[in-house]
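Visitor: Need a 3D model of the following:
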Amino acid sequence: MQNQRIYIAQDTNRLTDPVILTKGEEKLTVYLLPFLNFGAFSEETKEACHAADDSQAEMAAVASHILKQAVRPDIPALLAAHLFTVGGQSSSSERTFIGTAEYVDPDLFSFFDYVALGHLHRCQRITDRMYYSGSPLPYSFDESEDAKCVISIDIDCTPKQNTAIDKEITYSGGELFDAENLQPAIDGTKAPLNIERIPIISERPLKRLEGNFEEFFTGNRYDEWSGCYLEITLNDAEVIAHPMQLLRQKFPFC
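Guide: Below you'll find the model as predicted:
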């Protein structure tokens with residue numbers, strides 16, 4: 001698949017082998033960090049990096065140590081990583097963790113010019129240079145109000161300048177993108193970049209609705225959502241016989 005410029009990483013032994021993208025005289029190194037399962041690193045490697053166990057936090061610290069030795073200071077570097085970072089907001093369709101040892105400190109990878117994160121389905125900012133783009137489609141109804149998007153990153157790969165300015169992003173939901181926290185980042189060691197959010201419009205969105213059976217079945221209050229995937233909560237006091245079978249006559253995707 002590399003001939004199609006599609007790269008899949010699963011081997012932590014190749015952390016220091018980046019994908020190198022070139023355009024004219026510009027060059028960008030892209031490092032790939034897969035999800036760190038139990039035993040991702042050998043005992044010798046963990047011992048050398050002073051890792052105490054196989055938690056996500058400890059293994060991420062090992063990966064950080066290895067990658068920091070590999071990243072060249074004269075070439076901009078991007079990390080694509082499958083991680084659950086501290087401060088990330090999850091949804092019900094994702095793998096969940098118990099306790100805090102499985103959450104990764106984003107500062108471990110702050111030496112990269114940009115970190116593109118995967119794992120969490122909601123598009124969200126972790127730092128000025130670290131974002132989850134989120135899933136392109138909602139995978140559970142608690143994502144029904146999330147604005148799905150693609151994040152476009154434009155990195156200036158000419159010789160590094162003294163300032164790095166992130167383009168302000170806004171988010172219709174309000175809680176995941178805070179404009180006050182998206183001020184220009186001043187860091188003489190980082191390549192200038194622009195971050196742009198490109199919305200994805202679903203042909204059949206998810207929607208949560210609540211009401212009584214008659215409002216759905218005989219009324220027209222909810223008819224505009226008939227083409228959506230629906231999670232319907234009925235609040236009738238009495239039991240309705242076979243409600244889903246009846247409601248699917250009007251709402252085939254409930």
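
Visitor: What sits closest to residue 22 if chain neighbours are left out?
Guide: residue 28 (7.8 Å; Cβ to Cβ, 6 or more residues apart in numbering). Bear in mind the C-beta positions are built from the backbone N, C-alpha and C, glycine included.

Visitor: Pairing partners for the one helix or strand residue 22 maps to, with directions?
Guide: Residue 22 is part of strand 19-23, with elements assigned from DSSP states H and E. Strand pairing for strand 19-23, determined by DSSP bridges: strand 26-33 (antiparallel).

Visitor: gap between the strand it pairs with and the chain center?
Guide: 18 Å (Cα atoms, centre = their mean, to the nearest Å).

Visitor: For the residue nearest to residue 22, report the pLDDT, please.
Guide: Note for residue 28: predicted pLDDT of 92.

Visitor: Shouldn't residue 233 be within a strand?
Guide: Yes: checked against DSSP: H, G, I helix; E, B strand; the rest coil, residue 233 lies within a strand.

Visitor: got the contact list for it?
Guide: Residue 233 makes contacts with 208-210, as judged by Cβ atoms under 8 Å, 6 or more residues apart in numbering.

Visitor: Who wins on neighbours among the residues you listed?
Guide: Within those, residue 209 tops the neighbour count with 17 neighbours, counted by other Cβ atoms under 10 Å.

Visitor: Could you give the backbone dihedrals for it?
Guide: phi -130, psi 150 (degrees, to the nearest 10).

Visitor: Return the set of residues that bridge with it.
Guide: Here residue 209 shows beta-bridge partners residue 232, assigned using DSSP bridges.

Visitor: Could you verify my assumption that it touches residue 224?
Guide: No: contact criterion Cβ atoms under 8 Å: residue 209 and residue 224 do not qualify, at 10.5 Å.

Visitor: Residue ranges in this protein under the pLDDT threshold?
Guide: Scanning the chain for pLDDT under 70 picks out 1, 52, 90-101, 159-188.

Visitor: try 80
Guide: Scanning the chain for pLDDT under 80 picks out 1-5, 39-40, 43, 46-47, 50-54, 87-102, 158-189.

Visitor: Break down it into its strands, ranges please.
Guide: 19-23, 26-33, 77-82, 114-118, 124-127, 130-132, 149-155, 193-199, 206-211, 229-234 (DSSP state E).

Visitor: Contacts for the longest one, please.
Guide: Pointing back at strand 26-33 there. Taking Cβ under 8 Å, 6+ apart as the rule, strand 26-33 contacts 7, 9, 14-16, 18-22, 63, 67, 70-72, 75-83, 112, 155, 157-158.

Visitor: In this structure, which residue is most central in space?
Guide: In the chain, the C-alpha nearest the mean C-alpha coordinate belongs to residue 132, at 2.7 Å (Cα atoms, centre = their mean).

Visitor: Could you save the strands of the chain as CSV and add columns showing distance to residue 251?
Guide: Listed next are the strands of the chain as CSV, based on distance: least, Cβ to Cβ, whole Å:
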stretch, distance to residue 251
strand 19-23, 46
strand 26-33, 43
strand 77-82, 36
strand 114-118, 33
strand 124-127, 31
strand 130-132, 32
strand 149-155, 27
strand 193-199, 26
strand 206-211, 9
strand 229-234, 6
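
Visitor: now for those strands, which one comes closest to residue 59?
Guide: Residue 59 sits nearest to strand 26-33 of all these, at 10.1 Å, using Cβ to Cβ.

Visitor: Buried by neighbour count: which residues of that closest one qualify?
Guide: Neighbour counts over strand 26-33 (16 or more other Cβ atoms under 10 Å) mark 28-33 as buried.
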